[in-house]
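any chance you could fold what I've pasted below:
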Amino acid sequence: MIRECCVCHRVEQKGKWHADLIFGRHERLSHGYCPDCYDDLMVNIEEFSAIFTRKVLSTASRTNAEG
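Predicted coordinates:
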């Protein structure tokens, strides 16, 4: 089975990711993330989580101060 990155569309072959690999239309294909796109995604998730957590804590502290 061939894996294709769902972000950059590079294709994995034998553990290496290639931008210009062509495969037959009858090949089985699976989608996921290449290591570079996965790392970028994790950074974005961590940043979002930090922002969300700050907003939740800020809202909670305002609610507690009012109540």
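
nearest the middle, which residue of the protein would you pick?
Among the residues of the chain, the one closest to the centroid is L41, at 3.3 Å (Cα atoms, centre = their mean).

surely that residue is in a helix?
Yes: checked against DSSP: H, G, I helix; E, B strand; the rest coil, L41 lies within a helix.

in contact with it, which residues?
Contact analysis of L41 by Cβ atoms under 8 Å, 6 or more residues apart in numbering lists 7, 33. All C-beta spots, glycine's among them, are computed from the backbone N, C-alpha and C.

let me know the pLDDT of it.
What the model reports as pLDDT for L41 is 97.

E12 contacts R3, correct?
Yes: using Cβ atoms under 8 Å, E12 is in contact with R3, at 4.4 Å.

chain center to stretch 13-30, what's the gap?
Centroid separation for stretch 13-30 versus its chain: 20 Å, with Cα atoms, centre = their mean, to the nearest Å.

for that stretch, what is the average pLDDT?
For stretch 13-30, mean pLDDT is 86.

swap in stretch 52-67?
Averaged over stretch 52-67, pLDDT sits at 75.

roughly how far does the residue nearest to the centre of the chain sit from L29?
Per Cβ to Cβ, to the nearest Å, L41 is found 20 Å from L29.

please apply the same query to F23.
Distance from F23 to L29, by Cβ to Cβ: 8 Å.

mutual contacts of these two, please.
Both F23 and L29 are contacted by I2, under the criterion Cβ under 8 Å, 6+ apart.

which element is V56 on?
helix 35-66 (DSSP states H and E).

list the buried ones in that helix?
Of all the residues in helix 35-66, those buried under the rule 16 or more other Cβ atoms under 10 Å are C37.

you'd agree C34 is up against E12?
Yes: the criterion here is Cβ under 8 Å, and C34 meets it with E12 at 7.1 Å.

OK, contacts around L29?
By Cβ under 8 Å, 6+ apart, the contact list for L29 reads 1-4, 23.
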